[in-house]
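Trainee: Structure for this input, please:
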Amino acid sequence: MATAAMCCKPPAPRRAAFVIIFIVIVLWLLDPIAIWPTTMQPDTSSSKSLGAPTGSTSQIPQTPAPQAPKLDIDFSIDDESWELGIPFSLDALRETCEDVPVWHEGMWLNMFENSGGLGNQRNFFLTGLRYGIAAGFTGIVLPKLRKRSDTDLVDLFSGEQEFDHMFDSGHLIRTLAAACPRIKVVMSVEEIPNHKHAVVRKDLTPQHLANHMTHEDMSGIIPGNYWANRFNDDFMYWMDDELKSRPSVNRPFIISWPWANFFNWPVYAGDYLEFANSFGRLLRIRQDARDLAQVVLREMAHQHPALFGKAPDEPATSPLLSYHALHLRTEYDRLQWWKSAEEVRAAAAEWVGRSEARLVYVACGDPQQIPIFNASIRDLPEKPVLITKDLILRSANASQEAVEALKLLESMTWDEQALVDYLVMLRCHRFWGISYSTFSGAVALYRRMLKKGLRTLRWPQRSDRYSELWGIYGSYHGHWLHFYDHSWA
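Mentor: Take a look at the predicted model:
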């Protein structure tokens, strides 16, 4: 029995070898560098990081570069069905078009006086188109946009440029075809059938129709939008009474709203909420500006990893990011009744301190204002990092993608570059702007939909959870406060 028992035990040397191998494996799992032979380590002597010195670095202490956290962030801005997670309701547009009592074949809308920056250009077009839908127009001429002078920001009429200078015409045409198939879109008046035989009017305004209906001057009492829900009837009455005829394919009518016919449709009083909060998305920002905005966001994450991330105290699904943004409207083209540049800078600095922002994106059309503003916040207890799209793309740490993006940015006009600012500011944690700036208003109005989406009600005038508008709140019309009741997000 003893002999049998002995034959079942492994020899002592084999047991010792087994124990040694077991210990080595455990130690290797705990610290492979300490156990593995140095001759088996990967050879990194020839690998160099981008921008590292080419000489000997044996005497230079190496400090690892801060690594950006892996952020689960979608840097995209929008697509054709959503923006900032807010859906676009094609059904709301379709239902509004279906409610039009009479469509007039041969009635064309030609909007040719669109001018200004993004806020004005959007509402020139949207207001004109909304009245056109209400009146039963069956065609629109895609407008040319008035070009701002490259040397004088005050000159808004230095030439013409295509609609795609700001907006995605393909998206507009596709969406109208799906929602309002009765409306045809052409690129020029020459494409209108029988345009040489057309009746052309360039002086018609909603106020004119209101005056015509009541046979008295209503412009000082009702800004025309009182008649929005009966605009189709008013238009037919005007045609029968003043023109003594109706349009047709053989004898079309081409109507042009004159300059400054905007901000007078009652957005939240004259339409369904779903329509009011979707209609503005007919105008989608041009593709290359959206691409540039995404590059800027990625570079912010790359260059400021410790300060960039998802917005705190927001739902996990929120598209908002941790940086703050402000619109420093201090350019020299401001009007006389606006606040001075000094007052704007002081108010913006106060907000930065109050908001405890750590990373602040600044949009300003005058680069010289940025160092001035930076000096105004230098005494804050915790001075934040100020960034602009230019500073981000010109940074010494910028990626090759940013270098290429900078070339595109520099090729853009003043108003085109503002499109990038608009898109970047949409995704900030908190936004500060100017009450009498239609650009600031466009940012605040859209961000307001983050909470209730297409059920969002009108802007409360000064601030909400996401945005604050500082400025002048004395006169509803005189200080442009009516803009917020007559503008589409």
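
Trainee: Please count neighbours and contacts with C-alpha atoms only from this point.
Mentor: Noted.

Trainee: residues touching the residue nearest to Gly117 when sequence neighbours are not counted, list them.
Mentor: Among residues not flanking Gly117 along the chain, Asp415 sits closest, at 5.9 Å (Cα to Cα, 6 or more residues apart in numbering). Applying Cα atoms under 8 Å, 6 or more residues apart in numbering, we find Asp415 in contact with 117-118, 148.

Trainee: just these now: which is nearest Gly139?
Mentor: Nearest to Gly139, judged by Cα to Cα, of those is Leu118 at 24.0 Å.

Trainee: Quick check: that closest one touching Leu419?
Mentor: Yes. If you go by Cα atoms under 8 Å, Leu118 and Leu419 touch, sitting 7.2 Å apart.

Trainee: Overlap in contacts, these two.
Mentor: Counting by Cα under 8 Å, 6+ apart, the common neighbours of Leu118 and Leu419 are Met166.

Trainee: Would you list the phi and psi of Leu393?
Mentor: phi -80, psi -20 (degrees, to the nearest 10).

Trainee: Pull the number of nearby residues for it.
Mentor: When neighbours are counted by other Cα atoms under 10 Å, Leu393 registers 25.

Trainee: mind listing what it touches?
Mentor: Applying Cα under 8 Å, 6+ apart, the residues near Leu393 are 296, 299, 402-403, 405-406.

Trainee: ditto for Asp366
Mentor: Going by Cα under 8 Å, 6+ apart, Asp366 touches 330-331.

Trainee: immediately after the helix or strand hosting Met449, which helix or strand?
Mentor: Taking DSSP states H and E as the criterion, Met449 maps to helix 438-452. Downstream of helix 438-452, the next assigned helix or strand under DSSP H and E is strand 467-470.

Trainee: residues making contact with that next one?
Mentor: For strand 467-470, the surrounding residues in contact (Cα under 8 Å, 6+ apart) are 347, 430-435, 440-441, 444, 447-448, 461-463.

Trainee: Find the nearest non-adjacent residue to His197, please.
Mentor: In space, and not counting its chain neighbours, His197 is closest to Arg251: 5.7 Å by Cα to Cα, 6+ apart.

Trainee: next one: Ala341
Mentor: Nearest non-adjacent residue to Ala341, counting by Cα to Cα, 6+ apart: Thr330, 4.8 Å away.

Trainee: got the contact list for the one you found?
Mentor: Neighbour list for Thr330: 340-341, 344-345, 364, 366, 369 [criterion: Cα under 8 Å, 6+ apart].

Trainee: Could you list the single helix or strand in the chain with the lowest mean pLDDT?
Mentor: Lowest by mean pLDDT, DSSP states H and E among the helices and strands of the chain is helix 32-35, with a mean of 37.

Trainee: got the angle between the helix or strand hosting Val420 and helix 438-452?
Mentor: Element membership of Val420 [criterion: DSSP H and E] is helix 414-426. For helix 414-426 against helix 438-452, the angle by axes from the mean of the first three to the mean of the last three Cα atoms, to 10 degrees is 30 degrees.

Trainee: Just after helix 414-426, pick out the following helix or strand.
Mentor: Heading C-terminal from helix 414-426, the first helix or strand you meet, by DSSP H and E, is strand 431-434.

Trainee: partners of that next one, with directions?
Mentor: Take DSSP bridges as the rule and strand 431-434 pairs in its sheet with strand 324-327 (parallel), strand 467-470 (parallel).

Trainee: Out of those strands, the one nearest Ala135 is which?
Mentor: Nearest to Ala135 among the strands paired with strand 431-434 is strand 467-470 (34.6 Å), distances taken as Cα to Cα.

Trainee: How far off centre is that closest one?
Mentor: Chain-centre distance of strand 467-470: 17 Å, with Cα atoms, centre = their mean, to the nearest Å.

Trainee: next one: stretch 111-131
Mentor: That offset, for stretch 111-131, works out to 17 Å (Cα atoms, centre = their mean).

Trainee: Wasn't the residue nearest to Ala341 part of a strand?
Mentor: No. Counting by DSSP: H, G, I helix; E, B strand; the rest coil, Thr330 is not part of a strand but coil.

Trainee: Any figure for the gap between it and Ala348?
Mentor: Per Cα to Cα, to the nearest Å, Thr330 is found 11 Å from Ala348.

Trainee: go on, Ile140?
Mentor: Counting by Cα to Cα - Ile140 and Ala348 are separated by 42 Å.

Trainee: Could you list the buried residues of the helix or strand Val344 falls within?
Mentor: Secondary structure from DSSP H and E places Val344 in helix 341-355. Using 16 or more other Cα atoms under 10 Å as the burial criterion, the residues of helix 341-355 that qualify are 341, 344-345, 348-349, 351-353.

Trainee: Using CSV, write out the CA atom coordinates for that helix.
Mentor: Taking C-alpha atoms only, helix 341-355 is exported to CSV below (Å, rounded to 0.1, in the frame of the first residue of the first chain):
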residue,chain,number,x,y,z
ALA,A,341,-19.5,99.2,-25.9
GLU,A,342,-18.3,100.1,-22.4
GLU,A,343,-21.7,99.3,-20.9
VAL,A,344,-22.0,96.1,-22.8
ARG,A,345,-18.6,94.9,-21.6
ALA,A,346,-19.3,95.8,-18.0
ALA,A,347,-22.6,94.0,-18.1
ALA,A,348,-21.1,90.9,-19.7
ALA,A,349,-18.2,90.9,-17.2
GLU,A,350,-20.8,91.0,-14.3
TRP,A,351,-22.6,88.0,-15.8
VAL,A,352,-19.4,86.1,-16.2
GLY,A,353,-18.6,86.6,-12.5
ARG,A,354,-22.1,85.8,-11.4
SER,A,355,-22.3,82.7,-13.5
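
Trainee: Perfect, that will be all.
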